[in-house]
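Visitor: next input, structure requested:
(one chain, ligands or ions: 1)
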Amino acid sequence: MSDRKAILHIEGMAPIELPIYSGTTGPDVIDVRSLVSKGIFTYDPGFVSTASCESKITYIDGDKGVLLHRGYPIEELANNSSYLETCYLLIYGELPTTEQLADFEEQVSKKTMVHEQLVNLFRGFRRDAHPMAIMCGVVGALSAFYHDRLDISDEAHREESALRLIGKMPTLAAMSYKYSIGQPFMYPRNDLNYSENFLHMMFGNPCEESKVDPVLARAMDKIFMLHADHEQNASTSTVRLAGSSGANPFACIASGIAALWGPAHGGANEAVLDMLEEIGDVSQIDTFIAKAKDKNDPFRLMGFGHRVYKNFDPRAKVMRQTCDEVLDLLGIEDDPLLQIAKRLEQIALEDEYFIQRKLYPNVDFYSGIILKAIGIPTSMFTVIFAMARTVGWIAHWHEMHSGPYRIGRPRQLYTGETAREYPKK
Ligand code: CMC
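Guide: Here you go, the predicted structure:
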């Protein structure tokens with residue numbers, strides 16, 4: 001907090017003093033809450049310069065390309081931590097001790113099974129349903145199955161919901177895939193770690209012992225970690241907004257999944273791969289770059305640009321390195337899509353249009369190539385993002401309910417008709 005004040009001068013009105021607050025780092029914020037009592041709203045479509053809440057979880061410096069979770073840089077977490085350790089950090093605020101981590105891992109693993117009757121819900125979907133459509137439905141439906149501990153004012157209940165969601169998301173994600181290919185659902189295995197267990201449920205079958213490559217499981221774990229949280233993005237803000245009405249956590253996370261699905265947000269990873277396939281050959285890149293620059297063409301280079309990063313997305317840097325490692329491990333030397341991706345990146349980084357607008361590759365640019373190499377079908381990419389982001393959503397939801405909050409209720413600049421009489425008949 002600071003003693004500085006902003007003075008707002010509006011013609012015909014006395015000057016209005018607005019308090020200015022400073023966080024521990026990052027831009028100061030002007031508290032505009034008193035304006036409504038003076039009959040004024042602020043206008044900020046897309047919330048470009050609005051701080052919607054106070055938070056201690058994640059910090060981003062978009063100009064420098066910095067991402068910190070509870071103060072720890074994402075690069076250090078990606079190289080030294082595990083997904084579940086990062087989950088603990090996001091939820092509880094500190095890195096766990098060895099014992100705390102072991103206990104947390106055990107608690108999560110005890111929550112991986114889902115109610116057997118959920119299988120019936122899956123069977124109601126068409127086989128060709130998009131797995132994100134299934135996830136929106138089944139995650140919301142969890143509140144119908146786990147309604148025993150849904151008192152959001154009780155911290156222990158909130159913690160139980162967090163563990164249930166982190167534990168069950170991989171199981172539901174894998175089920176949505178197995179259902180689409182007509183294979184039996186695989187039960188989780190508690191002797192495997194989080195990422196190994198996910199790959200087991202995705203690619204195992206009941207006829208033989210699952211063999212999970214530990215290196216691919218580590219790559220998967222890194223992908224989960226890089227997607228774990230990203231402060232007040234569209235889906236997290238959606239979860240907070242839904243949560244602010246007092247909705248139960250499963251319903252809130254389902255709303256986050258729905259918001260994530262769009263191609264401007266989490267759906268971009270699927271869209272990147274579709275785009276690379278559409279480009280098809282390095283020789284076609286110039287045509288697509290021209291399309292991306294053409295204001296009359298809705299085409300955008302997917303995996304490029306970010307609302308907050310005006311520098312390289314730090315997650316994309318780690319992702320690029322992981323991509324090289326995974327392709328190397330799998331002996332994929334000349335992956336044509338990777339060739340197109342690398343060339344596209346190079347051209348975009350040198351092109352005036354992209355430089356001027358500070359459009360750098362984002363996290364979704366490389367993740368799809370890794371996931372494809374691991375054997376994950378394209379339609380599952382955003383599901384994996386949702387799985388990994390669940391901890392971020394639930395950490396923000398938990399933080400919001402740990403202090404005072406009000407229902408989210410934005411106002412508007414109304415430009416429609418003013419009051420008029422209904423025509424007489
Ligand atoms: N290709 C071509 N032009 C672009 C692109 C792009 N990918 N992204 C932005 N621009 C242009 C845009 O046309 C505008 O140009 P002008 O100033 O001449 O009108 C300028 O750059 C600013 O764009 P904006 O749409 O105002 O920026 P925004 O902050 O509202 O949108 C974004 C950010 C991520 C939605 C956008 O960059 C985009 O659509 N990118 C492609 C989709 C994508 O990769 N999304 C994943 C984001 S990272 C993961 C996540 O959040 O889930």
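Visitor: only C-alpha atoms for contact and neighbour calcs from this point on.
Guide: OK.
Visitor: any buried residues in stretch 209-224, and which?
Guide: For stretch 209-224, the neighbour count (16 or more other CA atoms under 10 Å) marks 212, 216-224 as buried.
Visitor: name the residues of the biggest helix by length in the chain that are buried.
Guide: When the chain is parsed with DSSP state H, its longest helix is helix 155-181. Residues of helix 155-181 classed as buried by neighbour count (16+ other CA under 10 Å): 158-159, 161-180.
Visitor: would you mind identifying the next helix or strand past that helix?
Guide: Under the assignment DSSP states H and E, the closest C-terminal helix or strand after helix 155-181 is helix 194-203.
Visitor: against which helices or strands is the next helix or strand after that next one packed?
Guide: Later in the chain than helix 194-203, the nearest helix or strand by DSSP H and E is helix 214-226. In this structure, helix 214-226 packs against helix 74-80, helix 83-92, helix 194-203, helix 314-329, helix 363-374, helix 381-401, with contacts taken as 3 or more CA pairs under 8 Å, 6 or more residues apart in numbering; DSSP states H and E.
Visitor: now helix 214-226 against helix 381-401, angle please.
Guide: Interaxial angle, helix 214-226 versus helix 381-401 (axes from the mean of the first three to the mean of the last three CA atoms, to 10 degrees): 50 degrees.
Visitor: please work out the average pLDDT along helix 214-226.
Guide: Computed over helix 214-226, the mean pLDDT rounds to 94.
Visitor: what's the next secondary structure element after it?
Guide: Using DSSP H and E, the next helix or strand after helix 214-226 towards the C-terminus is helix 234-244.
Visitor: how about the longest strand along the chain: buried residues?
Guide: Across the chain, the longest stretch assigned as strand under DSSP state E is strand 16-21. By 16+ other CA under 10 Å, the buried positions in strand 16-21 come out as 16-20.
Visitor: by contact count, what packs against that strand?
Guide: For strand 16-21, the packing partners by 3+ CA pairs under 8 Å, 6+ apart are strand 5-8, strand 29-30.
Visitor: report the distance from the shortest one to the chain centre.
Guide: The chain centroid and the centroid of strand 29-30 are separated by 26 Å, computed with CA atoms, centre = their mean, to the nearest Å.
Visitor: what's it in contact with?
Guide: Identification of contacts with strand 29-30 by CA atoms under 8 Å, 6 or more residues apart in numbering yields 6, 18-22, 51.
Visitor: for that strand, what does the pLDDT average out to?
Guide: 98.
Visitor: for the next helix-or-strand element following it, the averaged confidence score.
Guide: Where DSSP H and E defines the elements, the next helix or strand beyond strand 29-30 is strand 58-61. For strand 58-61, mean pLDDT is 97.
Visitor: could you pull out the buried residues of strand 58-61?
Guide: Buried residues in strand 58-61 (16+ other CA under 10 Å): 58-61.
Visitor: contacts only, for V272.
Guide: Residues in contact with V272 (CA under 8 Å, 6+ apart) are 301-303, 364-365, 368.
Visitor: turn the residues you listed into a markdown table, including distance to E333 and pLDDT.
Guide: Below are those laid out as a markdown table (distance: CA to CA, whole Å; pLDDT from 0 to 100):
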| residue | distance to E333 | pLDDT |
| --- | --- | --- |
| L301 | 25 | 94 |
| M302 | 24 | 94 |
| G303 | 22 | 92 |
| D364 | 21 | 89 |
| F365 | 19 | 90 |
| G368 | 17 | 88 |
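Visitor: E270: which of these is nearest?
Guide: Among the contacts of V272, G368 lies closest to E270 (CA to CA), at 6.8 Å.
Visitor: can you tell me the closest non-neighbouring residue to S161?
Guide: Of all residues not flanking S161 in the chain, P249 sits nearest, at 6.9 Å (CA to CA, 6 or more residues apart in numbering).
Visitor: give the contact list for that neighbour.
Guide: Applying CA under 8 Å, 6+ apart, the residues near P249 are 143, 150, 152, 158, 161, 243, 394, 397.
Visitor: ditto for G140
Guide: Counting by CA under 8 Å, 6+ apart, the residues that G140 touches are 250-254.
Visitor: give me the neighbour count for the residue in the stretch 1-150 of the chain that the ligand sits nearest to.
Guide: At 7.4 Å from the ligand, G46 is the closest residue in the stretch 1-150 of the chain, using CA to the nearest ligand atom. Applying other CA atoms under 10 Å, we find 9 residues neighbouring G46.
Visitor: swap in the one 5 residues further on?
Guide: A51: 14 surrounding residues under other CA under 10 Å.
Visitor: with D364 instead?
Guide: Neighbour count for D364, taken as other CA under 10 Å: 28.
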